[in-house]
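1. Using only what follows, build the 3D model:
(chains A, B, C, D, E and F)
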6 protein chains.
Amino acid sequence: MRPSGRTLNQLRAVSIETGITKHAEGSCLIKIGDTHVLCTATIEDKAPPFLKNTGLGWVTAEYGMLPRATNSRTRREAAAGKQSGRTQEIQRLIGRALRAGVDRSALGERQIVVDCDVIQADGGTRCAAITGGWVALRLAVNRLLKAGVISSDPMLDHVAAVSCGIYAGQPVLDLDYAEDSAAGTDANFILTGAKRLIEVQMSAEGATFSRAEMIELLDLAEEGVAALVAAQKAALA
Amino acid sequence: MRPSGRTLNQLRAVSIETGITKHAEGSCLIKIGDTHVLCTATIEDKAPPFLKNTGLGWVTAEYGMLPRATNSRTRREAAAGKQSGRTQEIQRLIGRALRAGVDRSALGERQIVVDCDVIQADGGTRCAAITGGWVALRLAVNRLLKAGVISSDPMLDHVAAVSCGIYAGQPVLDLDYAEDSAAGTDANFILTGAKRLIEVQMSAEGATFSRAEMIELLDLAEEGVAALVAAQKAALA
Amino acid sequence: MRPSGRTLNQLRAVSIETGITKHAEGSCLIKIGDTHVLCTATIEDKAPPFLKNTGLGWVTAEYGMLPRATNSRTRREAAAGKQSGRTQEIQRLIGRALRAGVDRSALGERQIVVDCDVIQADGGTRCAAITGGWVALRLAVNRLLKAGVISSDPMLDHVAAVSCGIYAGQPVLDLDYAEDSAAGTDANFILTGAKRLIEVQMSAEGATFSRAEMIELLDLAEEGVAALVAAQKAALA
Amino acid sequence: MRPSGRTLNQLRAVSIETGITKHAEGSCLIKIGDTHVLCTATIEDKAPPFLKNTGLGWVTAEYGMLPRATNSRTRREAAAGKQSGRTQEIQRLIGRALRAGVDRSALGERQIVVDCDVIQADGGTRCAAITGGWVALRLAVNRLLKAGVISSDPMLDHVAAVSCGIYAGQPVLDLDYAEDSAAGTDANFILTGAKRLIEVQMSAEGATFSRAEMIELLDLAEEGVAALVAAQKAALA
Amino acid sequence: MRPSGRTLNQLRAVSIETGITKHAEGSCLIKIGDTHVLCTATIEDKAPPFLKNTGLGWVTAEYGMLPRATNSRTRREAAAGKQSGRTQEIQRLIGRALRAGVDRSALGERQIVVDCDVIQADGGTRCAAITGGWVALRLAVNRLLKAGVISSDPMLDHVAAVSCGIYAGQPVLDLDYAEDSAAGTDANFILTGAKRLIEVQMSAEGATFSRAEMIELLDLAEEGVAALVAAQKAALA
Amino acid sequence: MRPSGRTLNQLRAVSIETGITKHAEGSCLIKIGDTHVLCTATIEDKAPPFLKNTGLGWVTAEYGMLPRATNSRTRREAAAGKQSGRTQEIQRLIGRALRAGVDRSALGERQIVVDCDVIQADGGTRCAAITGGWVALRLAVNRLLKAGVISSDPMLDHVAAVSCGIYAGQPVLDLDYAEDSAAGTDANFILTGAKRLIEVQMSAEGATFSRAEMIELLDLAEEGVAALVAAQKAALA
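-> Below you'll find the model as predicted:
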């Protein structure tokens, strides 16, 4: 029934390759099916001004898409002179999600910037960015620990995200672009390794949804995130 | 336990005054406690270019905040030269929510722009904007029906929104600013008059949350929206 | 002869309601007929950098118009990404006018920002903004005096503004929109309570004007400002 | 008494040299003392969209200042990414003033753009721009007449502008920079060749002013404009 | 002598992998040592407006750098709100270079946009972008030919680019970042497969240079471009 | 054969008039035929932040064109809200060229800003800006020396620039606009008084070019720059 022939609760193939750029303190290329996102983490010695003398660190994210990551070319935001509302909304989401998995006091007064750049898009780019961004962040923090810059690990748990939706009347896991553009309801769930919820975003695209459907989508998401966390662990091993 | 002395499931005082500006096709001033939002609906004869020759209409929203709607003055976005990511995120949300309650085919190829301007803020401005924006939209559509411009009513159901959150460890309804800035989890629910879900946004601010808490917040939201829909009906009567 | 039926030297109904927002140090809603402007004054502890170590304070103003304050919807300046030339010209004027009524040495090295936001427009918004802005400023300064932050009153006199013009060949006071858009000459006068002149702006819209007409308009303006100053006093009483 | 040694009603030396650039349809370099402004007029075959099918033409103006036209270098507006409020205010004034001297029906549906660029500034640049801009406009219109594009002359009368002010307690004509920055009241008068008023701008800089002073400044302005109109005639002869 | 141990006329390792994204009409990932650039070509059915009804096509380029392509993180241009002067200069250069290798009449009234995004930078990114961009362009044109959209091949010859410079007093080929930042003279040469010159850019960074040195750098460039053209051929075979 | 009737190696008439504005520390108006550029040099007491505590100074340039410097009116960059890629490319070139002629250590930690504004354009504006900009810079440095602010002369040699190109198949010196827009190859050479090369930019506009043509153009440029340096000397004498 799904365009890709997947079962209702089947993730696309997941691949996370670490260390793919020589400059960044942490990096990976995450592939969720045909959605490919390059994630890098940069350690900056200073926290943002609003944290001065609080002892707390910060994690922030920026998101971009190469112009031809999409089926038809998207205008380059740098040329347009501003980031779209969609881009800003996504990068705020990624930052919030990653911060929820970090003890900012243990991180100390520094900032880690996670850049997520979509090389190829086929649905679910914000979820891939969070799942891959967490790996880049983990690697950068490992470097701080190894160098003795910080002594206790600020990473509280894994953070991963997956989309779900109601497609052709059925709850399905991990929408690809063909499904996403036709789904009645579109949801993104961000969970920890321990299945605690960080963020839920559910939106009626074509039809409103019920309490029962909300719960079914959460069930699917828990299953999907478990597989993504396993992939994060494998990539870091 | 709540700073305002409200019970856990108690909304703030709700007031919706219609017809408060002489120029707009629909308008109201909605007050949810000390949060006051001026909503106007403008009918435009043309739909956006991407709908040309589809027979479908469009509803869109813009959101703004007067500089001194907040406790300390916020920089005017027109002076800053751009709308913040937060503003863009909110106005995209309002537009999606209102469109979910409209049969765009019955509306025909025209656009209704709903402007929501916060005169005074005390938490929950986006929810007040949706609830009040729906009233302004309803009034503008009434005018189209009365003038015979359209013949069948495109309004499918009421749309209203309320925030909930986990404050001091307890699920509470309709956060005011004091609660919002201290809440562990912050959620916004948008529902129809028939309690169908349009949008769910739940975000861990300080602590992650569980499945059970997610359901408890939904319960509160259903209760709150029912009261808001009643207030919409009373204002329009 | 006038569209509104007013006599040549008749002001529209004036109403000034103070204390209309809980956050601002001073605020009022001024209504001059169907022109409604919300004015707030914000006290900032620091003066602008160019006044550092001069002992002098500053008063500045910002002006905005809600998109549907006008008969047809005006594009939101925050969305357009800049303030129009008209907006900048008006807010510079308001700032200059208010500063002319203040002893900046007695104010001390602080800044008061007066925001004037037009809720509904029917001609004469800049004049209403000045007259109402002065009330908000007066209230904010009262608070500084009451709190003992400053000891001598920096307010030198009332400041109020009114428009006049030559409509259908006759000098008239306080143009509404219908008159303004058809007037041959359009003028704004800003005066003190003692009838000293602060600013005169006269502009031939459709026809040039004579010395004699210039004087006649000034006569009308003196009369109008006297009534506005009385309304300011009543509102503050 | 004046820094320059001029009498109270003495203009600075005026020079208007026409035809100073080979590309423009009309051009001049106007020098009022050390204030030098290059004015060009460009004829465009189309009127602005809002005049389509009205039969009316348009005259508009743009104003700029070279970075080192001033005593200390001013930031280039093109580099800053926007025109200042002052620049926009001035170019709107120049446009209004020139349009007041043109029968837009006789001009027909075309636009003339007058660019006024200050090469060297010593006070009174907006007045010099209007006086010189009128000469450039006159020359461009002459070309339209000579080519038979239009048959009746749309130029109604000369337009010229001069500043006056109250300096050291005395009304003086044509303020230079030293006077302008110390004046209590600063005024700009725009008049026709027949001494009809087009625009009056009077502003209390340091001290408010009286009705009597307003009239004295108008007397000086009439005298100054008469001399400027004579200089326009001589330049065009 | 060179930091990398290369001989004076030795290129870095060159790799060009084609077809690396599923959406673009032509694509490759070019690696010149540690400089990695992703190049995609997009075919658009319409030529830019200035070519309307000329029968001529257009090739244009855009250039970007991921924030952490560099050793320390570079601010994202989309976030900064504009493309730097350097970016604009480079993308204008790439576009000119590629157009010089195309018969725009044989291409017909369409546009090909070549996006060059630097994934990792180690000097010579603009040269890699041109050499890789040509491969993406060649692949997109092949698709037009195969589909019968155009009948004669518009590609006139290969286009490739290489940098040279005077490093530690010696002319060297293909500067990496360590050399580039210390070079006395920096040059970029763009040549065709037949060694015709398309563009020469030579710039004294620390010391001026002589006629003789100019010729020596050209000799090196001819050698380097020959190897790059061979790599292009191999990648396309 | 040339539109102007000049011989292949003939420069246009050159005139450099110094001291043409009273405010700038150095200034000149350079005319190369009908290309007229106003150059001013401004001394600033502070070097840019990246040079703090290095003991080195900086020379930078900005470039602009009056709207009607060109045959048809060009949109004002300040109104457009940004400098074009072409403007930025040119001003970066001017700055690099002038810095190549300065010992920044002898200049000390200060900055000189050279503004080059094109009053009338007829091809070769960037070369005229460099040649004239150097004269303005020389005059400003002379003032520093005379005032004893610096003790040793930081000016290493003259810097001048000229364009060459292949027009109608022939190498020609100093292209005017008619030649420039039809040239097959367009080149700019920047040289010192001692004929050392600072920058070479050669670009195939319509046809690629050969090694031999590259050398011929260099020969012409050396001849042209010698004449320009002589004109600089005469202007400063």
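2. Chain B contacts on chain A?
-> Proximity of chain A to chain B is confined to A:82-83, A:85-86, A:88-89, A:91-92, A:96, A:100, A:192, A:196-204, A:208-211, A:214-215, A:218 under the rule CB under 8 Å from any CB of the partner chain. To be clear about C-beta, it is placed using only N, CA and C from the backbone, and glycine gets the same treatment.
3. any idea of the mean pLDDT in the helix of greatest length in chain A?
-> Longest helix of chain A, by residue count under DSSP state H: helix A:211-236. Per-residue pLDDT values over helix A:211-236 give a mean of 97.
4. now swap in stretch A:134-153 and tell me
-> Per-residue pLDDT over stretch A:134-153 has a mean of 98.
5. cool, stretch A:67-87 as well?
-> Stretch A:67-87 shows a mean pLDDT of 94.
6. Can you name the residues in contact with that stretch?
-> For stretch A:67-87, contacts defined as CB atoms under 8 Å, 6 or more residues apart in numbering or on different chains pick out A:63-65, A:91, A:118-121, A:177, B:82, B:85, B:88-89, B:91-92, C:81, E:21, E:23-24, E:27, E:40, E:42, E:44, E:62, E:64, E:76-83, E:87, E:113, E:115, F:82.
7. Could you tell me the end-to-end distance of that stretch?
-> Distance between the two ends of stretch A:67-87: 13 Å, counting by CA to CA, to the nearest Å.
8. ok now that stretch, how far from the chain's centre?
-> Chain-centre distance of stretch A:67-87: 19 Å, with CA atoms, centre = their mean, to the nearest Å.
9. quick one: buried residues of that stretch?
-> Within stretch A:67-87, the residues that count as buried by 16 or more other CB atoms under 10 Å in any protein chain shown are A:67-70, A:73-74, A:76-79, A:81-83, A:85, A:87.
10. out of the residues you listed, which one sits closest to B:Val159?
-> Distance to B:Val159, by CB to CB, is smallest for A:Gly85 among these, at 20.7 Å.
11. Enumerate the residues of chain A near chain F.
-> Counting by CB under 8 Å from any CB, the residues of chain A near chain F are A:Gly81.
12. For chain F, what is the nearest residue in chain A?
-> A:Gly81 (7.9 Å; CB to the nearest CB).
13. other SSEs contacting the strand or helix carrying A:Glu179?
-> Under the criterion of DSSP states H and E, A:Glu179 resides in helix A:177-180. Under the contact criterion of 3 or more CB pairs under 8 Å, 6 or more residues apart in numbering or on different chains; DSSP states H and E, helix A:177-180 touches strand A:159-167.
14. what's the strand it packs on packed up against?
-> Strand A:159-167 sits against helix A:85-99, helix A:125-146, strand A:170-173, helix A:177-180, strand A:185-192, helix A:211-236, with contacts defined as 3+ CB pairs under 8 Å, 6+ apart.
15. Please convert the ones you listed to JSON lines, extending it with distance to A:Glu109.
-> Output for the helices and strands packed on strand A:159-167, formatted as JSON lines (distance: least, CB to CB, whole Å):
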{"stretch": "helix A:85-99", "distance to A:Glu109": "15"}
{"stretch": "helix A:125-146", "distance to A:Glu109": "13"}
{"stretch": "strand A:170-173", "distance to A:Glu109": "40"}
{"stretch": "helix A:177-180", "distance to A:Glu109": "40"}
{"stretch": "strand A:185-192", "distance to A:Glu109": "25"}
{"stretch": "helix A:211-236", "distance to A:Glu109": "26"}
